[in-house]
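Peer 1: I need the structure of the sequence given here:
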Amino acid sequence: MKMKRVPSVLITTMVIGAMLTACTGNGSSPSASDNAASATSKEKPKLTMFFNNAGLQSPADVDLSNNEFINIVKETAGVDLKMETVPYAEYQTKFNLMLSSGDLPDILHTNYPEPAYKAARDGAFIDLKPYYDKSPILQKLVTPQMMELAKDPVSGKNWRIPMVYDKGPQGSGVMARADLLDKYNGGKWPESVEEWVDVLRKIKKAEPDSIPMSNRVVGDYMFRYGGAVFFMLYGADPYGYRIQDGKIIPNVVLPEYKAAVELYRQLYAEGIFDKEFATTDGAKWATKWKEKNVLFQWNSADQLMPGAARLVALPGTDIADKNARVEFAPALKKYPSVLKDPKYAQNTLNDPIVDHGLYISSKSKNPDAAFKVIEAFASDKLREAIFWGKEGETYTMKDGKRMPIAEKLGADSRRWVKSMAFLFGYTDGQDAQLATYEQQMGPDKYKKAYDSVKALGEEAKANGLGSIVGYSTPDEVVKKNSEIMQDINRFTSEAIMGKITMDQFDGEVKKWEAKYRSLKYDPMQKYIDANKEKLKGLNVKKVTW
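Peer 2: Residues are numbered from 1 along each chain as shown. Prediction:
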């Protein structure tokens, strides 16, 4: 579920002292009579930060508030910073509870901008644009155009400093175990949905205990990763839409969607599609992916190289499989006959930013110090520590060039440090990452995987941006989104498992359409109609489809 320039991210030792003179040691706002005392106080402002670890869980022995990476931030910003997170699967629930209670940390990292923006309009967060305008540190990393893309279309405010995501590979596609294709299909890549199904059946027949097609549930997204493949190849992401003849059509009402559900229903009946598809979490999925001959998943281009490297990780890890080879599948040569146009099943470019971002609570007693923390997350020193580590420990110098010590820099126990790349983005540091992956995978596997990523990017480039830039989902839709998605999950899973007939499925779709289509998609249609030329100029090609 996506290789580019690496910007020069500079860090200066800004006049932190000047900022800190406006703060007392405990982070409260002082009166004028306290200024002299606070200026000489050595106690650092105490701040709190809650973040999403993006599934990059830190080892049990790591103190999130006291380690070599976060200490760079604390020292650069001159603060005492307490870091808190929860397991990835629990993040959305915790985040929602925080917003509803109003009990927010000084700094929040989230990848859910719409509810955060709504809360901000109600007074939860402060506008960060005035800070950004005076921050050369951030301006080196986050361009004005990126800030424009991150702006709340309703209020025009910049509630967040966005995570940059223009460094890594582009697009998304079928990430498959090429070694399983070697074993069960003579190394031939399937050229149609029917050929993919044939390979799944070959695997199941040869090894009845296999689960050649599994799924990973993430929050309200039931059909993701392995469970998304055929929906995507039919151009019918369950939670998405297409623009056809200028009009938005939710995928769930399309004939392509029904055809995909019928295929899943058949594969489920045959024991090919995981019987636990509706409840498999990330940990269970990872085990099945490695041990149960799971053939494929749908994932973003930036995930292939790290995923492929981990499968063939150096000895000493619990995931090593030296025979594994993961690549992106070439585009189909024959798309399903029901598909209106192949372009609906092809991938698109990422935005230069993603939904992740950093916010400052309006309740923070020290927003100036909190912004210093945000600036520190853009420091060159932190970037070096995250992506390259330390000379002699994680890399060496040879002929003036850095050479990673792959078993150190790419160690499974070190993956979590990317969770600190709140502004750089998880795909930054491509020079270090690719050099490490090549050592781990070996030149042959590396080249095949990397070439498959490049091919995916070319397809994405041809189709333009995938998102409707500048569109803000109305509050009433944000409130209903979970319900809308869960309803899709319910009747789709029931049809797949044979709990309802396909005629009953049709009835459920019609009820869903009557209840939600106008609510969710009419505002988006109105926005597209009013901004079509602007969107075309921003490379959103699909508005003309």
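Peer 1: Domain map for this protein?
Peer 2: 16-166+352-387, 172-346+446-544 (automatic domain parsing).
Peer 1: Let me have these in TSV, extended by mean pLDDT and mean neighbour count.
Peer 2: Using the backbone N, CA and C atoms, a C-beta is placed for each residue, glycine as well. Converted to TSV, those look like this (pLDDT from 0 to 100; neighbours: other CB atoms under 10 Å):
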stretch	mean pLDDT	mean neighbour count
domain 16-166+352-387	87	18
domain 172-346+446-544	92	18
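Peer 1: looking at the ones you listed, which is closest to Leu434?
Peer 2: domain 172-346+446-544 (6.8 Å; CB to CB).
Peer 1: what about that closest one, how long is it end to end?
Peer 2: 21 Å (CA to CA, to the nearest Å).
Peer 1: same check, this time on stretch 459-468
Peer 2: OK, stretch 459-468 end separation, CA to CA: 19 Å.
Peer 1: Could you give the secondary structure assignment for Pro208?
Peer 2: coil (DSSP: H, G, I helix; E, B strand; the rest coil).
Peer 1: need the domains of the chain in CSV with distance to Asp428, can you?
Peer 2: Shown next, in CSV, are those (distance: least, CB to CB, whole Å):
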stretch, distance to Asp428
domain 16-166+352-387, 7
domain 172-346+446-544, 10
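Peer 1: closest to Ala432 out of those?
Peer 2: Across the domains of the chain, closest to Ala432 is domain 16-166+352-387 (CB to CB), at 4.5 Å.
Peer 1: Can you give the distance from the closest one to the centre of its chain?
Peer 2: 19 Å (CA atoms, centre = their mean, to the nearest Å).
Peer 1: ok so, going back, quick one: closest of the domains of the chain to Gln440.
Peer 2: domain 172-346+446-544 (4.4 Å).
Peer 1: quick one: which of the domains of the chain is nearest Ala406?
Peer 2: Minimum separation from Ala406 across these (CB to CB) falls at domain 172-346+446-544, 6.6 Å.
Peer 1: quick one: Ala228 from Tyr335, how far?
Peer 2: Distance, Ala228 to Tyr335, by CB to CB, to the nearest Å: 16 Å.
Peer 1: One more: Asp503?
Peer 2: 27 Å.
Peer 1: Tell me the strands beside the longest strand along the chain, with direction?
Peer 2: Among the segments of the chain that qualify as a strand by DSSP state E, the longest is strand 353-360. Strand pairing for strand 353-360, using DSSP bridges, gives strand 107-110 (antiparallel), strand 161-164 (antiparallel).
Peer 1: so can I have a markdown table of those strands showing distance to Ala124?
Peer 2: A markdown table is the format used below for the strands paired with strand 353-360 (distance: least, CB to CB, whole Å):
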| stretch | distance to Ala124 |
| --- | --- |
| strand 107-110 | 9 |
| strand 161-164 | 16 |
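Peer 1: which stretch among those strands comes nearest Pro144?
Peer 2: strand 161-164 (11.9 Å).
Peer 1: And the contacts of the closest one?
Peer 2: 128, 132, 138, 141-142, 146-147, 149-150, 352-358, 374, 421-425, 428 (CB atoms under 8 Å, 6 or more residues apart in numbering).
Peer 1: Now the element after it, going C-ward?
Peer 2: Downstream of strand 161-164, the first helix or strand assigned by DSSP states H and E is strand 172-177.
Peer 1: Which strands and helices lie in contact with that following strand?
Peer 2: Packing partners of strand 172-177 (3 or more CB pairs under 8 Å, 6 or more residues apart in numbering; DSSP states H and E): helix 229-233, strand 296-300, strand 326-328, helix 443-463.
Peer 1: Need the residues that contact that strand.
Peer 2: 1-2, 229, 232-233, 293-301, 303-304, 307, 324-329, 331, 347, 456, 459-460.
Peer 1: Show me what Ser361 is bridged to.
Peer 2: Here Ser361 sits in beta bridges with Phe125, going by DSSP bridges.
Peer 1: That concludes my questions; thank you for your assistance.
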